[in-house]
Structure formats: structure tokens, C-alpha cells
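Q: Provided below are the primary sequence and the corresponding predicted coordinates.
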Amino acid sequence: MKYAVVAALTGVLFASGCSKTAEGKATPGAEAPSAEAAAGPAAGAGTPADAHADAKKKTAKPDPNATARSETDEYIVEVRQAADLSAGMDTKVQVVVIPKGTYHFNLEFPTSVSVAAPAGVSIDKAKQGLKDAVTKDETNGATWDVSMTVSDKGEKEFRADVKFAVCTDTTCDPQKTTLAWKVDVK
């Protein structure tokens with residue numbers, strides 16, 4: 001069942017242990033499903049609608065009530081920022097992806113971080129890829145610094161869309177996560 005969901009999200013799976021991403025790059029860490037797994041759930045083990053619902057959970061539209069941290073059994077994604085911000089201040093936030101358990105961060109997946117800021121905040125580089133990460137490795141994940149200048153006082157709402165993949169020895173799971181947070185600028 002899990003392989004069917006992964007296949008639907010990542011594209012064609014190859015017996016060599018790699019999956020092909022939407023951009024056509026091979027991504028190590030995923031194996032081809034068995035005939036039973038490729039055929040779908042066993043009798044009485046669920047329906048194709050269940051598989052579709054599982055796939056929909058992974059690709060659901062961003063939750064408007066998103067928070068500055070998202071955690072699953074596979075990963076943690078969070079935003080770290082200075083506690084106090086003042087108008088006219090240059091600052092940065094960090095967007096961090098940390099694999100958990102037996103999962104590792106996929107360094108070959110087309111990873112991206114996009115931060116949207118409100119009026120009164122300018123961001124130096126709002127969209128960043130894996131090459132822009134200040135730290136990155138399979139075990140500890142990746143960290144991006146997003147530099148910005150806050151020019152206005154008041155409550156500011158931010159959003160970060162993070163696209164990445166975490167893998168085990170037998171599967172690779174692409175993820176899309178939206179984080180949202182508010183800051184009261186003095």
C-alpha cells in the first residue's frame with residue numbers, strides 16, 4: 001500500500017533501487033514494489049479509495065492554520081527566529097528539516113524553501129534550493145538562512161512552503177509542508 005502511494009507521488013519506480021522525480025532525476029533509496037504491492041491492497045485490506053485518501057493526505061493543500069513546526073514519524077520541519085523584532089531591524093529566520101528514526105534526508109531530491117512575507121518586510125532571497133542551504137547532510141537534514149529586513153511595526157504573518165524528501169533503505173517519501181507564523185514587531 002505504501003509503495004502505491006510513493007509511486008503515485010514520485011513517478012516511475014525502478015528495480016535498481018531508485019525512483020525518478022518529476023524533474024527526471026534518479027532518486028536513490030526507493031525500491032520497486034513487489035507484484036502484490038504494485039497491484040494494490042489485498043482483499044479485505046482496504047479499497048482503492050483508501051489508497052487515494054492516503055495519497056491525498058500527502059499532497060493536500062496547505063492548511064491555513066499551519067504552525068511554525070510540523071512533525072511526523074518521518075521528519076521535523078520548523079522555523080527558528082529571533083524572539084524580539086524591531087522596526088528597521090535586519091534579521092534572519094532559519095528553516096530546518098530534520099529526518100527522524102530510520103529516515104535520512106535525500107540530498108538528490110529537488111528540495112526548495114519559499115518564504116512569503118507581508119508588507120513592510122523585504123526578503124533577500126525568498127526562494128532557495130538545496131544548494132543555498134547553510135548545512136546539509138543525510139543524517140541531520142538541512143538548514144536555510146532567510147535574511148530579511150523588517151521596516152514596519154505591528155503583527156506580521158509569514159508563510160514558508162518546504163518541498164523535500166526523506167528516505168529509508170526501501171522507500172523514498174517526497175513531502176510538501178507549509179509552515180505559518182506571526183511576529184509582533186515593536
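A: Nice, thanks for sending it over. Small disclaimer: the values here were computed from a predicted structure and weren't measured. Residues are numbered from 1 along each chain as shown.

Q: quick one: which helix or strand includes Lys182?
A: strand 172-185 (DSSP states H and E).

Q: So which bits of that strand are buried?
A: Under the neighbour-count criterion of 16 or more other Cβ atoms under 10 Å, strand 172-185 has 172-175, 177-181, 183, 185 buried. Just so you know, the C-beta spots here come from the backbone N, C-alpha and C atoms, and that holds for glycine as well.

Q: ok, now stretch 132-148?
A: Buried residues in stretch 132-148, counted by 16+ other Cβ under 10 Å: 132-133, 136, 141-146, 148.

Q: residues in contact with it?
A: By Cβ atoms under 8 Å, 6 or more residues apart in numbering, the residues outside stretch 132-148 that reach it are 75, 90-99, 104-107, 111, 113, 115, 117, 121-126, 128, 130, 160, 164.

Q: Of these, which belong to strands?
A: Within the contacts of stretch 132-148, residues falling in strands by DSSP state E are 75, 90-99, 104-105, 113, 115, 121-123, 128, 160, 164.

Q: So for stretch 124-144, mean pLDDT?
A: For stretch 124-144, the mean per-residue pLDDT is 97.

Q: Could you verify my assumption that Gly154 touches Val185?
A: Yes - in this structure Gly154 lies within contact range of Val185 using Cβ atoms under 8 Å: 6.0 Å.

Q: overlap in contacts of the two?
A: Gly120.

Q: re earlier: hmm, which of the contacts of stretch 132-148 are the buried ones?
A: 75, 91, 93, 95-99, 104-107, 111, 113, 115, 117, 121, 123, 128, 130, 160, 164.

Q: show me what contacts Lys125?
A: Lys125 makes contact with 132, 146-147 under the criterion Cβ under 8 Å, 6+ apart.

Q: Let me know the closest of those residues to Ser86.
A: Ser147 (16.0 Å; Cβ to Cβ).

Q: Checking my notes, that closest one in a strand, right?
A: Yes - applying DSSP: H, G, I helix; E, B strand; the rest coil, one finds Ser147 inside a strand.

Q: Could you chop the protein up by domain?
A: 1-60, 65-186 (automatic domain parsing).

Q: which one of the ones you listed has the lowest average pLDDT?
A: Among those, domain 1-60 carries the lowest mean pLDDT, a mean of 36.

Q: wait, doesn't Val113 sit right on Lys127?
A: Yes - assessed by Cβ under 8 Å, Val113 is found in contact with Lys127 at 7.3 Å.

Q: Can you tell me which of the contacts of Lys125 is closest to Gln81?
A: Val146 (9.2 Å).

Q: could you check the distance from that closest one over to Thr72?
A: Counting by Cβ to Cβ, to the nearest Å, the separation of Val146 from Thr72 is 23 Å.

Q: which non-adjacent residue is nearest Asp90?
A: Spatial nearest neighbour of Asp90, excluding adjacent residues (Cβ to Cβ, 6 or more residues apart in numbering): Thr149 at 5.2 Å.

Q: Cool, thanks, talk later.
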